[in-house]
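*Asks:* Curious how this folds, go ahead:
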Amino acid sequence: MAAPGKQIHGKTQLLGDLAAGLYVVATPIGHSRDVSLRALEVLAGVEQIAAEDTRVISKLLTIHGITNSLTPYNDHNAAEARPRLLAKLKNGERIALVSDAGTPLVSDPGFKLVREAIAAGIPVHAVPGASALLAGLTVSGLPSDRFLFAGFLSSKSGERKSALAELKPLQATLVFFESAQRLADSLGDMEKVLGLRTACVARELTKMHEEVRRGTLAELAAHYAKADTPKGEVTLLVGPPHKPELDYGKIDAALDAALPFMPLKAAADMIASLLDMPRKEIYARGLEKKNDQP
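*Replies:* Residues are numbered from 1 along each chain as shown. Presented below is the predicted three-dimensional model:
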């Protein structure tokens, strides 16, 4: 007797082709075709799909001709739904976890389910794909070799500024999710706390009304303060601190005045404090001057 299966684009995906366990499946952040072939096979082949909102995933499944059992798993029902899902997984079933858009566990409630599945010895499989975080980073033009995803900031200005103050020293591109309604206020607070930074607002990525606007925090804050409140999903990216332009004339003059009377280390410490410049650069400049002496 043949193994049971489900239809996907006219072909049958056999349930037996999938190993048991929990499948963390990325779905499109906008464009319905931004879904991998493997993701479609998994969504068709598991016994059940646990979705943040079953209505949202139903639209994607309908577009791709997939019918499957759906169950909600979100912030409101997670405590009640999680034990049921874990029991099914322990019984050898295959379950796909999806969010409304993008990669699950990035600002959604899937983390606890994955953590408890791992603790119970249940295999967890990643089915990678679309992510607003990475999509925004790739189009921002900001440094991508080091970045920090900071999720959603507080809706309260005071708490938002405190969180930004903690992030301010990081030499990395900062990535946030933000609601369109709070965008102007958040940009204003960022400009006040973070100062001169290059930033990017990526809105409705991969959708019909996609907008990518780049500029300094001050420029973006001014634009969205005057513009109509935007709509849709927003990924907000802020570049690392700008490196100050070093005035080597001032550094050399200060070193020439200090070095005859004190060791280089002490001179570098004093000059860095007085000129508000990096001590490392001043020390290196002092070494060059010493080496150049006859």
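*Asks:* number of nearby residues for Q48?
*Replies:* Q48 sits with 17 neighbouring residues when counted by other Cβ atoms under 10 Å. Glycine gets a C-beta too; all of them are placed from N, C-alpha and C.
*Asks:* beta partners of it?
*Replies:* Per DSSP bridges, the residues bridged to Q48 are I95.
*Asks:* Which residue ranges of the stretch 51-200 of the chain form helices?
*Replies:* Under the criterion DSSP state H, counting those that start in this stretch, helices of the stretch 51-200 of the chain are mapped to 54-63, 78-90, 110-119, 132-140, 157-167, 183-194.
*Asks:* With respect to L148, which of these lies nearest?
*Replies:* helix 157-167 (7.2 Å; Cβ to Cβ).
*Asks:* what's in contact with that closest one?
*Replies:* For helix 157-167, the external contacting residues (Cβ atoms under 8 Å, 6 or more residues apart in numbering) are L148, A150, L153, S154, L174, D185, S186, D189, M190, K192, V193, L194.
*Asks:* that older thread, can the helices of the stretch 51-200 of the chain go into a markdown table with extra columns for mean neighbour count?
*Replies:* A markdown table is the format used below for those (neighbours: other Cβ atoms under 10 Å):
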| stretch | mean neighbour count |
| --- | --- |
| helix 54-63 | 15 |
| helix 78-90 | 15 |
| helix 110-119 | 16 |
| helix 132-140 | 20 |
| helix 157-167 | 15 |
| helix 183-194 | 20 |
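*Asks:* could you dump the ones you listed to TSV with mean pLDDT and distance to G232?
*Replies:* Below are the helices of the stretch 51-200 of the chain laid out as TSV (pLDDT from 0 to 100; distance: least, Cβ to Cβ, whole Å):
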stretch	mean pLDDT	distance to G232
helix 54-63	95	15
helix 78-90	96	26
helix 110-119	95	23
helix 132-140	96	11
helix 157-167	97	21
helix 183-194	96	10
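*Asks:* Q48: which of the contacts of helix 157-167 is nearest?
*Replies:* A150 (32.9 Å).
*Asks:* Now for the closest one: which residues touch it?
*Replies:* Contacts of A150 by Cβ under 8 Å, 6+ apart are A163, L167, L174, V175, F176.
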